[in-house]
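S.K.: Generate a structure from the sequence data that follows.
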Amino acid sequence: MDQLIKDSLEFLKAGAEQTQTLTLMELVFALSSSLACSLIIGWVYRFTHKGIGYSQSYVQSLVLTSLVTTLIMIVIGSNIARAFSLVGALSIIRFRNAIKETRDVGFIFFAMGIAMANGTRFHSVALVATGFISVAMLLLHFMNYGANQQNRERLLRVQLPPGLDPHTALEAVMQKLFEAYSIVLVESVRQGMFTEVLYSVRPSPDLSPVQVIDEISKVNANLKVSYNFAMHSEDI
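M.R.: Residues are numbered from 1 along each chain as shown. Okay, the predicted model is just below:
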């Protein structure tokens with residue numbers, strides 16, 4: 001047991017003393033390779049993005065994250081002491097921005113993985129992986145992979161006068177406009193002046209948003225009607 005501990009400590013000491021000095025040309029090449037790969041990743045993200053929450057800052061952050069990760073990997077090299085020091089230093093960073101889409105997290109790992117490959121001199125791996133994963137994401141985009149054609153749910157928010165039962169007031173018009181519907185939330189707004197009803201609805205294929213607003217306004221005393229024409233995938 002004592003010999004095993006001694007051998008382990010000697011291994012860690014030897015590993016910590018190993019250094020691989022990069023020339024200036026190798027440093028520039030590693031950063032340039034990461035820049036080129038991350039620009040491709042950013043373009044693929046922008047091209048395949050379908051949501052409404054597109055952020056130019058996020059795309060630029062992918063490039064910056066890739067470059068910084070490459071630099072960190074170069075600094076660490078094979079030096080275990082530097083690795084633990086950087087882990088301790090970076091652990092004080094706190095990220096406050098919430099990721100809107102799960103897909104965005106994948107692109108962050110994509111950029112970091114490519115940067116780690118470039119930072120450890122696996123440039124061919126980084127280039128091949130960038131091309132392969134980028135082509136895969138483009139194929140998923142053009143194939144519309146994972147889309148559920150049966151799910152056409154929208155959100156409909158209707159204000160009603162106080163004391164009016166939404167089932168009684170809106171049942172007929174809801175059956176006329178939508179293939180399916182269900183009440184998600186009923187709440188009092190403006191200190192009880194109105195009742196607000198939130199529906200999850202599945203409209204007919206040829207139903208226009210103007211038609212929805214007009215028909216609902218006829219039965220809710222022309223109070224506020226909000227219709228989310230895009231498919232809803234956000235938390236209510």
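S.K.: ok, residue 212 - contacts?
M.R.: With contacts defined as Cβ atoms under 8 Å, 6 or more residues apart in numbering, residue 212 is in contact with 156, 177, 203, 225, 227. (C-beta placed from N, C-alpha, C; glycine too.)
S.K.: go with 10 Å
M.R.: 154, 156, 173, 177-178, 201, 203, 225, 227, 229 (Cβ atoms under 10 Å, 6 or more residues apart in numbering).
S.K.: Turn the residues you listed into TSV, including secondary structure and neighbour count.
M.R.: Output for those, formatted as TSV (DSSP: H, G, I helix; E, B strand; the rest coil; neighbours: other Cβ atoms under 10 Å):
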residue	secondary structure	neighbour count
154	strand	20
156	strand	24
173	helix	17
177	helix	18
178	strand	20
201	strand	22
203	strand	21
225	strand	17
227	strand	20
229	coil	12
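S.K.: what comes up buried for the helix or strand hosting residue 214?
M.R.: Using DSSP states H and E, residue 214 maps to helix 209-217. Neighbour-count burial for helix 209-217 flags 212, 215-216 (criterion: 16 or more other Cβ atoms under 10 Å).
S.K.: Alpha carbons of the helix or strand hosting residue 75, as PDB, please.
M.R.: Using DSSP H and E, residue 75 falls within helix 56-76. The C-alpha trace of helix 56-76 is given here as PDB (Å, rounded to 0.1, in the frame of the first residue of the first chain):
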ATOM      1  CA  GLN A  56     -25.700  37.800 -32.200                       C
ATOM      2  CA  SER A  57     -23.900  38.000 -28.900                       C
ATOM      3  CA  TYR A  58     -24.300  34.300 -28.400                       C
ATOM      4  CA  VAL A  59     -22.700  33.500 -31.800                       C
ATOM      5  CA  GLN A  60     -19.800  35.800 -31.000                       C
ATOM      6  CA  SER A  61     -19.500  34.100 -27.600                       C
ATOM      7  CA  LEU A  62     -19.100  30.700 -29.400                       C
ATOM      8  CA  VAL A  63     -16.000  32.200 -31.200                       C
ATOM      9  CA  LEU A  64     -14.700  33.700 -28.000                       C
ATOM     10  CA  THR A  65     -15.200  30.600 -26.000                       C
ATOM     11  CA  SER A  66     -13.400  28.500 -28.600                       C
ATOM     12  CA  LEU A  67     -10.400  30.900 -28.600                       C
ATOM     13  CA  VAL A  68     -10.200  31.100 -24.800                       C
ATOM     14  CA  THR A  69     -10.500  27.300 -24.400                       C
ATOM     15  CA  THR A  70      -7.700  26.800 -26.800                       C
ATOM     16  CA  LEU A  71      -5.500  29.200 -24.900                       C
ATOM     17  CA  ILE A  72      -6.300  27.500 -21.600                       C
ATOM     18  CA  MET A  73      -5.400  24.100 -23.100                       C
ATOM     19  CA  ILE A  74      -2.100  25.500 -24.400                       C
ATOM     20  CA  VAL A  75      -1.300  27.000 -21.000                       C
ATOM     21  CA  ILE A  76      -2.100  23.800 -19.200                       C
END
